[in-house]
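K.L.:
Following is a predicted model, sequence given first.
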Amino acid sequence: MSESDTVPDSRRESEKQQHRKPGILGRLGSTMVTRRKWVFGVWLIALVALGSAAPSVFTSLAGAGWQANGSESVQVRELAQEHFGGNSSAAVQVVVHSDTATIDDPAVQQTLAAVTGVFDGDARFGEIIAPQPGMTISPDQHTGIVIAGANASTDDMVKAVDDIKGDLTALSGDGIEVYPTGSSALWSDFNKANHDAMIQAELISWPVTLAIMVLAFGSLVAAGLPLLLTVAGLVASAGGLVLLNQVTPISVWAMNFAMMFALALGIDYALFIVARFRDALRKSDPRAAVAETMDTAGKAVVLSGLTVLVSLSAVLLVPAPAVRTMAVGIMLAVFFVLVATLTLLPATLGALGNKVNAASLPYAKRQTHRSPKFAAWGELLHKHPWPFAVVSVGILIALALPVLGLKVAMPSIAVVPEDAPVRQGYELVQAQFGDGAPGALQIVVADADAQQTATAAAGVDGIAMVTPPQTAMDGSGYSLLQALPTVDPSDEAMGTILTDLRAELPESALVGGAPAENLDLQQALNDYLPLVIGIILVLGFILLLVALQAPLIAVLGTVVSLLSTAAAFGVAKLIFQDGHGASLLGFTPQGFLDGWGPVFFFAMIFAIAMDYTVFLLATAKEHYEKSGDAKIAQVDGLAHSGRVILAAAAVMVAVFFTFALSDPLPPKEMGIILGVAVLLDAVLIRLILLPVMLRLTGHAAWWSPAWLRKVLPSISFSH
């Protein structure tokens, strides 16, 4: 294939015409510089307005939402709440126990009355059910469970437990223990532990991030700009989530993920922009340097941001409120970071001008945008592509293979700290009532089929006991039964028990309860996983194709991103399912990966992987457009982006790995999986495999058929 076939003269001429004046982003950057006082004013007003709402973000956001909308178990919860005094999976169970006194002891009775008194007058709680012999009083009479029905949404029930759990645990004393437990209490305690872990991780990651920034830029002023951008994005997204929560419940987890992504991507984008601006400043005035920066690096940032947004949008298909709103939280953070990158950052760079290099370290004066070390690395890869290709692909495949044995399930009680009241109550219920007692299955059935249902349920393997049918007092014609399994709610056998139970019961019977809600959610996540993966891959490829105008490299960029994602999940399986390194990381493996991980982490990892792909390939494409030489594109693409990719990856790995220090398991999983993914992607894919592929494919990497060039919008990375 000749060079003239690769880049037609007419197209080269049209590109030259484009390069004589700034593009849309270049003109936008220039406008931000000349109108910087307006830009700063608008951002100040926006941050004050949104920032006033931001402090309440963790207290106002929703605490539940882990359910499969429309599932059988959600129907059961809604029916139990409506017709049985709120005795649903969202009800609060308060365990009262004494080693020495029995339930009928006056001191214990006084404590039970005090427990009931805590719920009095709070409209969020429905019927209060005292401990019942044979059902909620233990065989040895030393433990009783008070049930406070749910008279509000699952999110409001979690907030209700937040409000009253301190009053309940304060009733412990004189040999009597009081613990709130149940699904609402579990989310209350877990959300608090998760929030504390997130704040701790953020506090550790900020100074580490600043240190890496200073090393990367060699200037305190330049190093501070990415953090300025990140703070703006964080404040805006926190306030935005609080306002959005007024329209529809947003999970508190959305803010946790938004914090992480705003920090990681904000620094990523600012690194790319600031590095390019400092280079352009060597030969231009600040306004022209900003225009050149936005025409080149700015274009890559926009395409990268769109890739992240598109990848996460696929998660919105999953019918689980918590999962959807986590994606919304990240998308909102990315949106604000992107807007700040296109407006606030150019204005700030224009105002600073040469002062961007102020407070420089001695070695920084020798820095150039074209890194000699990465240029030498690019030359080495160009001379010896095959050994590097074989080794990097071999490592990635070896790490990806364990993913074939990956098991997923919803989190067990083990994700809550051992000293959390809900876990202490949970373990006490198991010790006194049996392994399956904390995870009772609820059956709602038509009155006419109630007795048949009780008999059929009792005959199902794995069911220890079925309570007598309780008829709804509102005349709705429903009866409620509780079926106690013989196994822990997180036991693998619970899925079989639920399936068998649903198969054996009459057609009018619906089976729910907290374990059923978890299993129904897991099934929905499993069902939607192939669709989500397919959509992300297709949309990711289309975006790369539009950005690079070259089908072969768009396919290769998508495939290698998939390879690094699979490798990250393989490592996750070895650590969190098999327990390798568990003692070092300070956790007890559950024997599976948390069920929401594959859908959500796939979208996040793929988005980050494509982020680096766009940065590297956009830079390579820019040099190919200028030179028409495939070797220059490969070597100079790496020379001009390698240091930024390495620094950005170091920041992301540092940010994500700080979450590995968390006590709760899910943030630990999240931090390690994402950290490993970035590490593998940056080192093995972006700095080795992708440049090697550019070397092996040569001009073909950038070839595009004439008909495709006519269809695609014309995008050039040259200035």
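P.N.:
Cool, got the structure. Numbers count the residues shown, from 1 in each chain.
K.L.:
Tell me, how many residues neighbour residue 163?
P.N.:
12 (other CB atoms under 10 Å). (C-beta placed from N, C-alpha, C; glycine too.)
K.L.:
What score does it have for pLDDT?
P.N.:
The model reports residue 163 with a pLDDT of 94.
K.L.:
which secondary structure element contains it?
P.N.:
helix 154-169 (DSSP states H and E).
K.L.:
where's residue 184 relative to residue 661, distance?
P.N.:
28 Å (CB to CB, to the nearest Å).
K.L.:
Tell me which residue lies nearest the centroid of the protein.
P.N.:
residue 257 (5.0 Å; CA atoms, centre = their mean).
K.L.:
what's the pLDDT at that residue?
P.N.:
Residue 257 is given a pLDDT of 82.
K.L.:
ok, the residue nearest to residue 270 when sequence neighbours are not counted - contacts?
P.N.:
Spatially, and ignoring its direct neighbours in sequence, residue 270 is nearest to residue 226 (3.5 Å; CB to CB, 6 or more residues apart in numbering). By CB atoms under 8 Å, 6 or more residues apart in numbering, residue 226 lies in contact with 213, 266, 267, 270, 271, 274.
K.L.:
Contacts only, for the second one.
P.N.:
Put plainly, it is residue 266. Applying CB under 8 Å, 6+ apart, the residues near residue 266 are 226, 229, 230, 233, 234, 337, 340, 341.
K.L.:
quick revisit: can you name every helix or strand that the helix holding residue 163 contacts?
P.N.:
strand 92-98, helix 106-119, strand 176-181, helix 183-217, helix 421-433 (3 or more CB pairs under 8 Å, 6 or more residues apart in numbering; DSSP states H and E).
K.L.:
what's the following helix or strand after the last one?
P.N.:
Read that as helix 421-433. For helix 421-433, the following helix or strand on the C-terminal side (DSSP H and E) is strand 441-446.
K.L.:
Can you mark which positions in the following helix or strand past that following strand are buried?
P.N.:
For strand 441-446, the succeeding helix or strand toward the C-terminus, using DSSP H and E, is helix 450-458. In terms of neighbour count (16 or more other CB atoms under 10 Å), helix 450-458 has its buried residues at 450, 453, 454, 456, 457.
K.L.:
and the helix or strand following helix 450-458, what other elements does it pack with?
P.N.:
Using DSSP H and E, the helix or strand that follows helix 450-458 in sequence is strand 463-466. Strand 463-466 is packed against helix 450-458, strand 478-485, with contacts defined by 3+ CB pairs under 8 Å, 6+ apart.
K.L.:
what stretches of the stretch 301-450 of the chain score poorly on pLDDT?
P.N.:
Judged by pLDDT under 70, the stretch 301-450 of the chain has its weakly predicted residues at 362-369.
K.L.:
can you pull out the strands in it?
P.N.:
408-409, 441-446 (DSSP state E, counting those that start in this stretch).
K.L.:
can you redo those strands as JSON lines with distance to residue 701 and mean neighbour count?
P.N.:
What follows is those, written out as JSON lines (distance: least, CB to CB, whole Å; neighbours: other CB atoms under 10 Å):
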{"stretch": "strand 408-409", "distance to residue 701": "37", "mean neighbour count": "18"}
{"stretch": "strand 441-446", "distance to residue 701": "57", "mean neighbour count": "26"}
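K.L.:
Reformat those into TSV and put distance to residue 524 next to each item.
P.N.:
Shown next, in TSV, are the strands of the stretch 301-450 of the chain (distance: least, CB to CB, whole Å):
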stretch	distance to residue 524
strand 408-409	12
strand 441-446	18
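K.L.:
of those, which approaches residue 681 most closely?
P.N.:
Comparison of these against residue 681 by CB to CB identifies strand 408-409 as nearest, at 22.3 Å.
K.L.:
Tell me how many other residues surround residue 459.
P.N.:
The burial count for residue 459: 11, using other CB under 10 Å.
K.L.:
what's near enough to touch it?
P.N.:
By CB under 8 Å, 6+ apart, the neighbours of residue 459 are residue 504.
K.L.:
any idea how far residue 72 is from it?
P.N.:
20 Å.
K.L.:
try residue 196
P.N.:
As for residue 196, its distance to residue 72 is 35 Å (criterion: CB to CB).
K.L.:
cool, residue 56 as well?
P.N.:
36 Å.
K.L.:
which stretch of helix or strand covers the residue nearest to the centre of the chain?
P.N.:
helix 252-280.
K.L.:
Helices of the stretch 451-600 of the chain, start to end?
P.N.:
493-504, 514-548, 551-572, 582-585, 597-627 (DSSP state H, counting those that start in this stretch).
K.L.:
correct me, but residue 562 touches residue 534?
P.N.:
No. Using CB atoms under 8 Å, residue 562 makes no contact with residue 534, being 11.4 Å away.
K.L.:
Those two - which one has more neighbours?
P.N.:
residue 562 (19 against 11).
K.L.:
so who does the nearest residue to that one once chain neighbours are set aside touch?
P.N.:
The shortest distance from residue 562 to any non-neighbouring residue, by CB to CB, 6+ apart, is to residue 537 (6.8 Å). Going by CB under 8 Å, 6+ apart, residue 537 touches 558, 562, 606.
K.L.:
separation between the second one and residue 702?
P.N.:
To tie it back to what came earlier, the one meant is residue 562. 22 Å.
K.L.:
and if you look at residue 82?
P.N.:
63 Å.
K.L.:
neighbour count winner among those two?
P.N.:
residue 702 (23 against 15).
K.L.:
Show the pLDDT at the more buried one.
P.N.:
Looking at residue 702, its pLDDT is 95.
K.L.:
That one touches residue 554, doesn't it?
P.N.:
No. Counting by CB under 8 Å, residue 702 sits too far from residue 554 to count as a contact (10.7 Å).
K.L.:
sorry, back to before: which of the helices and strands packed on helix 154-169 sits closest to residue 320?
P.N.:
helix 183-217 (13.9 Å).
K.L.:
what's that closest one packed up against?
P.N.:
strand 92-98, helix 154-169, helix 220-245, helix 252-280, helix 421-433, helix 630-658, helix 665-680.
K.L.:
tell me the angle the first one makes with helix 183-217.
P.N.:
For strand 92-98 against helix 183-217, the angle between stretch directions is 100 degrees (axes from the mean of the first three to the mean of the last three CA atoms, to 10 degrees).
K.L.:
go on, the fifth one?
P.N.:
Helix 421-433 and helix 183-217 are oriented at 140 degrees to each other (the same axes, to 10 degrees).
K.L.:
Flag every buried residue along helix 421-433.
P.N.:
Of all the residues in helix 421-433, those buried under the rule 16+ other CB under 10 Å are 421, 422, 423, 424, 425, 426, 427, 428, 429, 430, 432, 433.
K.L.:
Could you do the second one as well?
P.N.:
Of the residues in helix 154-169, those scored as buried under the neighbour-count criterion (16+ other CB under 10 Å) are 154-162, 164-165, 168-169.
K.L.:
can you list these in TSV and add distance to residue 618?
P.N.:
Formatted as TSV, these follow (distance: CB to CB, whole Å):
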residue	distance to residue 618
154	44
155	42
156	47
157	48
158	44
159	46
160	50
161	49
162	46
164	54
165	51
168	57
169	56
